[in-house]
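Novice: here's a sequence, model it:
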Amino acid sequence: MDKKKTEKKKKAKVIRPPVQTVQITPRQEAFCVLVAGGITAKDAYEEAFSCKNWKDQSIREAASKLRRQEPTRSRIRVIILERYSGIMMDQEERIKALNDVIIYGKTADALKAIDIINKMDGSYVQKIEVKETAQITVYLPQKRLPDGV
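Specialist: Numbering: from 1, shown residues only. Here you go, the predicted model:
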């Protein structure tokens, strides 16, 4: 029985919806770049779109609505990742840098680096002791006396 179940699981394919590429306008692209750069959505909307005679509340609402739309959200994410991908180290690069500190650094720095590597590897096991007390109250049903007694 177990083999049949595992075979069925292996044969089952994951059905994913087709990826849709949604084009955004140049103004929306400018909005995304500004928001990814750290500017508030309201200020980015004012700069990307012409809204000279708009009230502040209207600009905020339009900016919030645009920022919540999926194409805009995903484009902002992509811009942020592209911007910081060159400076982010993957795990292997971090371990190499920490190993250099262990080998060539001072003793205190080496001990800190060893501690960080151990945490990254999950070498430490956290022990948690739980003590629990509880008070239990039991309500028993009462017999009802006949009326007049």
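Novice: which regions of the protein sit below the pLDDT cut-off?
Specialist: Along the chain, the model assigns pLDDT under 70 to residues 1-22, 143, 145-149.
Novice: what helix or strand is the residue most central in space within it on?
Specialist: Nearest residue to the geometric centre of the chain (C-alpha atoms, centre = their mean): R77, 11.6 Å. Per DSSP states H and E, R77 falls inside helix 70-84.
Novice: which residues touch that helix?
Specialist: Applying C-beta atoms under 8 Å, 6 or more residues apart in numbering, the external contacts of helix 70-84 come out as 22, 24, 28-29, 31-33, 35-36, 66-67. Where C-beta positions appear, they are placed from N, C-alpha and C, glycine not excepted.
Novice: out of the residues you listed, who's nearest I114?
Specialist: I114 lies nearest to A36 out of the contacts of helix 70-84, by C-beta to C-beta, at 36.8 Å.
Novice: the closest one: how many residues sit nearby?
Specialist: 19 (other C-beta atoms under 10 Å).
Novice: which of the contacts of helix 70-84 count as buried?
Specialist: For the contacts of helix 70-84, a burial check counting by 16 or more other C-beta atoms under 10 Å picks out 24, 28, 31-33, 35-36, 66-67.
Novice: mind putting these into a markdown table with distance to D90 and secondary structure?
Specialist: Shown next, in a markdown table, are the buried ones among the contacts of helix 70-84 (distance: C-beta to C-beta, whole Å; DSSP: H, G, I helix; E, B strand; the rest coil):
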| residue | distance to D90 | secondary structure |
| --- | --- | --- |
| I24 | 30 | coil |
| Q28 | 31 | helix |
| F31 | 31 | helix |
| C32 | 26 | helix |
| V33 | 26 | helix |
| V35 | 26 | helix |
| A36 | 22 | helix |
| L66 | 33 | helix |
| R67 | 29 | helix |
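Novice: and the residues you listed as CSV, adding distance to I59?
Specialist: Shown next, in CSV, are those (distance: C-beta to C-beta, whole Å):
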residue, distance to I59
I24, 19
Q28, 15
F31, 12
C32, 17
V33, 18
V35, 14
A36, 19
L66, 11
R67, 12
